[in-house]
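[1] with the input below, show me the fold.
(chains A, B and C)
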Amino acid sequence: MEIIASGVGHIPEDRHKRGLLLGYTLAENSILGSHHMKQYRQGFGLSYSKIREYCRKLIKEYDIRTPNERVLAKSLSGGNQQKLIVAREIDRDPSLCIASQPTRGLDVGAIEFVHKKLIELRDEGKAVLLVSLELDEIMELSDRIAVMYDGRIVGILNAKDATEKKLGIMMAGGSIQDAV
Amino acid sequence: MESGMNEFKENLIKTLKEIAYPLVAIFISVIAGGILVYAVGKDPIVAYTAMIKGSLGDWNKFGETLVTVTSLILTGLSIAFAFKCNLFNIGVEGQFIMGAIAAVWAGWAFTGLPAVVHLTLTLLSGAFAGGLWASIIGLLKAKVGSHEVINGIMMNYIAMYTSNYLVRTLLNVPGKAYSVDIADTAKLWRFSQAFEQFKHSRLHIGIILSLIAALAAYYILNKTVRGYEIRAVGINPHAAEYGGISVRKNIILSMIVSGLFAGLAGGIMTTGVQYRVNNLFGFTGYGLDGIAVSLVGNNHPIGVILSAFLFGVLQKGGPLMQIQGIPKEVVGIIQGIIILFVAANFVKVVTENIKLNRELKKQTVKEEVE
Amino acid sequence: MEGVGMFTILGIIVTASIRSATPLIFASLGGNFSERSGVFNIGLEGIMTVGAFSAVFFSFKTGSPWAGLLGAMIVGGLFGLLLAFMSIYIKANQVIVGTAINILAASLTTFLLVEIWGRPGQTDNVEYFKAVGPFNIFTYLAFVMVFISYYVLYKTPFGLRVRAVGEHPRAADTLGVNVYAIRYICVIISGILAGIGGASLSIGSMSLFKEGMVAGRGFIALAALIFGKWNPIGAALACLFFGFAVALETVGNNLPVPNEFLNALPYIMTMFAVSGFVGRAVGPAAGGIPYEKGEK
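    Numbering: from 1, shown residues only, chains lettered A, B, ... in the order given. I've put the predicted structure just below:
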C-alpha cells in the first residue's frame, strides 16, 4: 500500500496471477491499488458511479476494446487485459514504473501501443524500469541497459553503444571488457 | 438514457442467468424427491401438497416457517460472507451454539435493565461470542495457514461441549438438562402480542433483524472499500496482495464478520424462541443448513433471503408430510441433492464440457484443412 | 484388594479404548487413501452412516452378518464413487460435496429405516458378529488393515503413485501416471473402508442400526488422520488415543476434570496438530484441488 502511494507503478509479469482480478469487472479492476483513495469514496462506501466514470476514461484514452466497463476482466482478450493494466499503472502517474515483460503474449498492435505508452512516460521525465527477455524490445526502448547473469548485474551499457553481440556476450556471463 | 436501458437489460439477463442454475437444481431435486416418494408407494403430489400446507397453510404455520427462515437467513449470510473471501466457514454451527449460550448468560446475569438496553446487550453478547469463536479459525488460517474447514469442524464440537458444560454448571437449573431462562427484559417482541393471526406462532421481531442483517451484508460486501478488498482476496489473493491489499487481515476480518452473523443467529434463537439452551446431544443443524441456503442463494445476501425462505418451507412442511405417512426425511434428501447439484454447478459443467468438445472438434477439423 | 481393583479398571479402560477405536481406525484409513491421493473426504461421517445402515439391512435380508459386511462395503464404495465423480469429473468443491453426502446419508438412512421397519429410532435386532475373545472380528481386522494400508501406501509402486498424485499431480501425469484413475481408486477404497467402519458399529458392537449412531465418529476419524500426519500407523495410534479419551469418560466421574473437557480433548488436540503447535501436520500438497489436464 505504501509502495503504491509513494508513486511506484508495476506492470507484473503474470497478468492473470498478479495483474488482474479476473472475476472483477473492468471498473473494479481499474482502481485496484488505489481503491482506498478519497476520489472513489462516497460517505462510508465506494462510489461505483465515480469508479465507472474513471474506467470509461481509461477505456477511451488507452483504447481498450470492450463493450463497456461492466464486463468481467476475464472476458477480454489478452491484449486488452494488458492494456487495462498498463492504463491503470500509468494513469496513476507514478514516478517510477516497473514493467516486467509488459508485452508477453500480445499481438503486434498491442505491443506497439504498450511501447508507445512507456516512451511517453519516459518523455515526461519519469523513471521506467523495463524487465524483458526480448532483446529487440529492450534495444528499441531503453536508454540504458543492465544485463543480469546468475543473479548479478554484469554490466550497464548505454543503449546507443549496445549491439546484439555485446549483449549476447554479457548475457552469457562475460564482462563489458570482454564484450568490447 | 439508452445506455441506462441497456445497462438495465444487461443486469436483468445477468441476474436471470444467475438464478437459472439454482432453479434448475431445485427443480431436479424436487423431482428426485418425488420419485423417491413414489418408489416407496406414496403419492408425490400428496406429499408436496402436505409440505406446502404444513408450512404456509395458515398464518400461524406461516409464522412458524418465518421463525425458521430467520435462523436460516443469518446462518446463510454467515456462510456467504466467508465464501466471498473464499473461506468455507463450516464452523457456523459452533458459532451459532456459542452465540446462543452467550445470550443466555447475558439475558440471565443482568437484571433490572430497561428492556431495550438489556435486549441489545444480550444480542450483542451472542454476536460477539460467535465472532470471537470464528476469529480463532480466521487467526489460525491467516497466521499459520491451517485449514479453516478442519478447525471449523473441531471448533463445532468444542462449542457443543463448552455449551453443555455451562448448562451443567454456571447456568444450570438443578436437576434439569437445560439452562436457566433469560429475563423478560431480554426477550424479543413477538407478533402474537399484537396480531390475532399469529396467536399460536412464535414469530418474533428477529425476522426483521435478519433482513436488516442481509442488507448490511450486501452493503459491506458491495459498496465499501472493505468489501472490495474481501472480495478481491476471495477472487485472487496474489493479485489482491499486489494491489496493496492485506490478505491476512481480510481473512481474519471476514471470518469475524461471518462469526458475528452466526452468533447473532444463536442469540436470536435464545432471545426470540427458546429463552434457554438445552443440553445438546448433537448439533442443531442450523450451521449445516446455512451451507445449503448460501449455495442456493449464490452466496449473495439477497439470494440468501430467497433461498432461506425456500428451505424454511421445505423444513416446516416436513411434519405434516409425516402425518400423511411420508417420512419427513424426504426434505433432508432433497436438501442434500440440491447442495450436490448447486455446488457442482452440474448444469454449467455439463454444458461447458459439451461446448469444449465441440470447439475441440472444430479446431481439429480446421487444422486438418490447413 | 485395592491393587486388583486398579488392574480391573485399567483392563476395562484398555479394552474399551480399543473397542471405541475400531470404527475410527477403518474410517481414518479410508480418509488416508483419499487424502493421500489429493481428495478431501469430509463425507466419512455420512459414508459410515450408510455403511452402518446397509450392514444391518443386508444382514436382516439374508440372515448373515457376512452379507451385511459385504453390503456395507459395496454401498460405502458407491458413495465413495459419488464423491470421486463429483470431485474428479465435475471438479466440484470437495468439502461441499462431502457435506452434501453427510446430509444425504443422515436423511436417507432415517427415511429407509422408517420405510422398512415402520418406525423411527432404530431397527430390529439382526444377526451380528459375536465377540471372539475380548473383541469382535472387526477389531482384529482393523489392526490387520493398518499394516496392509501402510504396506500398500509406502512399499508398493501403487502407493508411490498415490502419494505422487497427492503431492504433485502434474509431475505424476508427466511420468505417465493416470491421475484420474488413481484418484478414483483411492476415493472408492476410502468409501469401502468407511463403510466397514460403519458396519463395525452396527453389526459389531451392536446388532442394530440407530439414528445418529455414528455420532461424529467420521469427523473424529478425520481428526485422527490429521493427528497421525496422514500415515496409517500414526492415524491408528491417534484413533487409539481418541478411543482412550472416550473410554476415560466411563470412569470420568472420578477424574478431576469435567467430562466435557475429555469429550472435547480430541478436537482440541487436532487443532493444535494442524496448527503446528505440536509438530506440524502438513497434508498432501495437492489436497482438495481438482486436477485439470493440460492446464498451465
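[2] OK, contacts around the closest residue in space to residue A:162 that isn't next to it in sequence?
    Nearest-residue entry for residue A:162: residue A:145, 5.4 Å, with adjacent residues in sequence omitted and distances by C-beta to C-beta, 6 or more residues apart in numbering or on different chains. Placement of C-beta: from N, CA and C, glycine included. Going by C-beta atoms under 8 Å, 6 or more residues apart in numbering or on different chains, residue A:145 touches A:138, A:139, A:156, A:157, A:158, A:159, A:162, A:167.
[3] determine which two of the residues you listed are furthest apart.
    Using C-beta to C-beta, these span at most 14.2 Å, a distance reached by A:139 and A:156.
[4] mind checking how far the residue nearest to residue A:162 is from chain B?
    Per C-beta to the nearest C-beta, to the nearest Å, residue A:145 is found 26 Å from chain B.
[5] is that residue in a helix, a strand, or coil?
    Of the three states, residue A:145 takes strand under DSSP: H, G, I helix; E, B strand; the rest coil.
[6] just the pLDDT at it, thanks.
    For residue A:145, the pLDDT comes out at 88.
[7] can I get stretch B:304-312 in PDB, CA atoms only?
    Extracted as PDB, the C-alpha positions of stretch B:304-312 are listed here (Å, rounded to 0.1, in the frame of the first residue of the first chain):
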ATOM      1  CA  VAL B 304     -29.800 -15.900   0.700                       C
ATOM      2  CA  ILE B 305     -33.100 -14.400   1.800                       C
ATOM      3  CA  LEU B 306     -34.900 -16.100  -1.000                       C
ATOM      4  CA  SER B 307     -33.300 -19.500  -0.500                       C
ATOM      5  CA  ALA B 308     -33.700 -19.300   3.200                       C
ATOM      6  CA  PHE B 309     -37.400 -18.900   2.600                       C
ATOM      7  CA  LEU B 310     -37.400 -21.900   0.300                       C
ATOM      8  CA  PHE B 311     -35.600 -24.100   2.900                       C
ATOM      9  CA  GLY B 312     -37.900 -22.800   5.600                       C
END
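[8] what's next to that stretch, contact-wise?
    B:22, B:26, B:55, B:65-66, B:68-69, B:72-73, B:76-77, B:80, B:211, B:214, B:289, B:292-294, B:296-297, B:335.
[9] for that stretch, what is the distance to the chain centroid?
    Centre-to-centre, stretch B:304-312 and its host chain are 9 Å apart (C-alpha atoms, centre = their mean, to the nearest Å).
[10] and that stretch, average pLDDT?
    93.
[11] for residue C:90, grab the count of nearby residues.
    Residues lying near residue C:90 (other C-beta atoms under 10 Å in any protein chain shown) number 20.
[12] residue ranges with poor pLDDT in chain C?
    C:1-4, C:250-254, C:277-282, C:294-296 (pLDDT under 70).
[13] now the one helix or strand residue B:305 maps to: buried residues?
    For residue B:305, the element it lies in under DSSP states H and E is helix B:301-323. Using 16 or more other C-beta atoms under 10 Å in any protein chain shown as the test for burial, helix B:301-323 gives B:301, B:303-322.
[14] next one: stretch B:282-294
    Neighbour-count burial for stretch B:282-294 flags B:283, B:284, B:285, B:286, B:287, B:288, B:289, B:290, B:291, B:292, B:293, B:294 (criterion: 16+ other C-beta under 10 Å).
[15] what are the ranges of the helices in chain A?
    A:2-5, A:26-30, A:48-61, A:78-91, A:108-123, A:135-141, A:164-171, A:176-179 (DSSP state H).
[16] the stretch 51-200 of chain C too?
    With DSSP state H, counting those that start in this stretch applied, the stretch 51-200 of chain C shows helices at C:65-84, C:94-117, C:137-155, C:157-167, C:169-174, C:179-200, listed in chain order.
[17] out of these, which is closest to chain B?
    Closest to chain B of the helices of the stretch 51-200 of chain C, according to C-beta to the nearest C-beta: helix C:94-117, at 2.7 Å.
[18] hmm, that closest one touching chain B?
    Yes. Using C-beta under 8 Å from any C-beta of the partner chain, helix C:94-117 reaches chain B at C:95-97, C:99-104, C:106-108, C:110-111, C:114-115.
[19] also stretch C:148-167?
    No. Using C-beta under 8 Å from any C-beta, stretch C:148-167 stays clear of chain B, with a minimum separation of 15.0 Å.
[20] what's in contact with that stretch?
    C:29, C:32-33, C:35-38, C:171-172, C:175, C:177, C:179, C:182-183, C:186, C:231-233, C:284-287, C:291.
[21] for residue A:74, list the residues it contacts.
    Contacts for residue A:74 (C-beta under 8 Å, 6+ apart) come out as A:22, A:23.
[22] chain A against chain B: which residues are in contact?
    For chain A, the residues in contact with chain B (C-beta under 8 Å from any C-beta) are A:1, A:3-4, A:10, A:12, A:17-24, A:28, A:32-33, A:35-36, A:41, A:44-46, A:48, A:68, A:70.
[23] how close does residue B:241 get to residue A:11?
    Separation of residue B:241 from residue A:11 (C-beta to C-beta, to the nearest Å): 16 Å.
[24] who has more neighbours, these two?
    Shown here are residue B:241 and residue A:11; by other C-beta under 10 Å, residue A:11 has more neighbours (26 against 15).
[25] once you drop chain neighbours, what's closest to that one?
    Leaving out its chain neighbours, the residue that sits closest to residue A:11 by C-beta to C-beta, 6+ apart is residue A:99, at 4.3 Å.
[26] now residue 119: closest residue in space that isn't a chain neighbour?
    You didn't say which chain, so I picked chain A. residue A:141 (6.7 Å).
[27] switch to chain B, please.
    Nearest one to residue B:119, counting by C-beta to C-beta, 6+ apart, is residue B:186 at 5.6 Å.
[28] ok, the one you found touching residue B:104?
    No. Judged on C-beta atoms under 8 Å, residue B:186 makes no contact with residue B:104 at a distance of 9.1 Å.
[29] comparing the two, which residue is more hemmed in?
    residue B:104 (32 against 29).
[30] in which helix or strand would I find that one?
    For residue B:104, the element it lies in under DSSP H and E is helix B:92-109.
[31] quote the end-to-end distance of stretch B:289-303.
    15 Å (C-alpha to C-alpha, to the nearest Å).
[32] surely residue B:171 meets residue B:181?
    No. The pair residue B:171 / residue B:181 is not scored as a contact, 9.9 Å apart, by C-beta under 8 Å.
[33] what do these two both touch?
    By C-beta under 8 Å, 6+ apart, the residues touching both residue B:171 and residue B:181 are residue B:108.
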